[in-house]
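> Provided below for reference: sequence and predicted model.
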Amino acid sequence: MHPRRLSARRPRRTYAALLTAALLLIPLSACTGAEPADSGAPSSGAAPAPRSASSEPGVASDEASGQDVSTERSVIRTGELLIEVSDPSGAMDRVRAIVTDLDGTIESEHVQRSGDGANAEASMTVRVPSQRLDDAFSELAGVGSVVSQSRSAVDVTAERVDLQARVEALERSVQRLTDLMSGAATTGELIEAESALAERQQELDGLRAQLEVLEGQVDEATVTVTLSAPSALPGGGPANFWEGLLTGFASMGAAASGALVLLGVLLPWLLLGALGAGAAWFAVRRTRRRRTRLTAEPASETRRRSSSGPPEPEP
């Protein structure tokens, strides 16, 4: 073949090969470019991805709102006050007035009278709103001379949340049982639903009562106020003659009781000591009798020989 014809055929074969490769690459590139566009969209059979709370319309995220959505803390606050006053009866009236001004209530009162009929000591348990506990301590301190005071706080948030969750669950259960009763087809199903409903309702009422008591303790702080009259003695003690006399009689009774207790403690040891002393005395007495008997035998033998005379000589 002619060299010019060979050189003319080579470019044609090269162009044909390139054209074939280009035709094969076009579908591949189309498939590759379509994959990213389809990867973000869910398939017809797949479930859509869950949406976050922040993406829901009308619901703002915690970071965007900037508000604290944590559960409010539930704290039970209590306190005690020991106040020395000249007239406990009049001081009780002042305490009642202070508690009323603070929108509180008197839970209990106890009065102990002295020998002359006057109030020697009074104890009151009051309840005031928890947010006004500091005001209550400040105003009650003006009733008299504060001897001692104390406060305490107990966090019951977990207990309160647990009770609320259990109450809500039981309420849903009661509602379901009520619906089941209305749609009961047979008498047996109705009786079974009524029995389960009564049990759930009883448990629900008990939990509601517990939750109510707990919420009441959280909403109102409990303060125990003790009002005592001053003592006539520097170190404390009876305030007058009659109280001193009663205290003296009481001390005599306490001393007698203490002596009886001491006797009860010592009695077993006294019995044991008496037994030991008796055994020792018996042993000493027996030893003395034996010694006396041994001493008396030679003396009696000597007297017997002397009374019989000298021995006769042998023949």
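Done, it's in.

> show the subsequent helix or strand relative to the helix or strand hosting D134.
Under the criterion of DSSP states H and E, D134 resides in helix 133-140. Using DSSP H and E, the next helix or strand after helix 133-140 towards the C-terminus is strand 145-155.

> then that next one to PDB, C-alphas only?
Extracted in PDB, the C-alpha atoms of strand 145-155 (Å, rounded to 0.1, in the frame of the first residue of the first chain):
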ATOM      1  CA  SER A 145     -35.300  38.800 123.200                       C
ATOM      2  CA  VAL A 146     -34.300  36.100 120.700                       C
ATOM      3  CA  VAL A 147     -32.400  33.300 122.500                       C
ATOM      4  CA  SER A 148     -31.900  31.100 119.500                       C
ATOM      5  CA  GLN A 149     -33.100  30.600 116.000                       C
ATOM      6  CA  SER A 150     -32.600  28.100 113.200                       C
ATOM      7  CA  ARG A 151     -33.700  27.500 109.600                       C
ATOM      8  CA  SER A 152     -33.600  24.500 107.300                       C
ATOM      9  CA  ALA A 153     -34.500  23.800 103.700                       C
ATOM     10  CA  VAL A 154     -35.200  20.400 102.000                       C
ATOM     11  CA  ASP A 155     -35.300  20.100  98.200                       C
END
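
> report the angle between that strand and helix 133-140.
Inter-element angle recorded for strand 145-155 and helix 133-140: 170 degrees (by axes from the mean of the first three to the mean of the last three CA atoms, to 10 degrees).

> flag every buried residue along the helix holding D134.
Buried residues in helix 133-140, counted by 16 or more other CB atoms under 10 Å: 133, 136-137, 139-140. Any C-beta I mention is one placed from the backbone N, CA and C, and that applies to glycine too.

> closest to D101 out of those?
E139 (7.8 Å; CB to CB).

> for that closest one, which non-adjacent residue is spatially closest?
Distances taken as CB to CB, 6 or more residues apart in numbering place I98 nearest to E139, at 4.8 Å, with adjacent residues excluded.

> next one: that neighbour from T287, what distance?
According to CB to CB, to the nearest Å, I98 and T287 sit 86 Å apart.

> these two: who's more crowded?
I98 (20 against 10; other CB atoms under 10 Å).

> the more buried one contacts L140, doesn't it?
Yes - contact criterion CB atoms under 8 Å: I98 and L140 qualify, at 6.0 Å.

> which neighbours do these two have in common?
The overlap between the contact sets of I98 and L140 (CB atoms under 8 Å, 6 or more residues apart in numbering) is empty.

> number of nearby residues for the nearest residue to E203 once chain neighbours are set aside?
The shortest distance from E203 to any non-neighbouring residue, by CB to CB, 6+ apart, is to L170 (6.1 Å). Using other CB under 10 Å, L170 has 19 neighbouring residues.

> show me the longest helix that occurs in this structure.
Counting by DSSP state H, the longest helix found in the chain is helix 241-308.

> hmm, back to that, and which of the buried residues of helix 133-140 is nearest G90?
Nearest member of those to G90, counting by CB to CB, is L140, at 14.4 Å.
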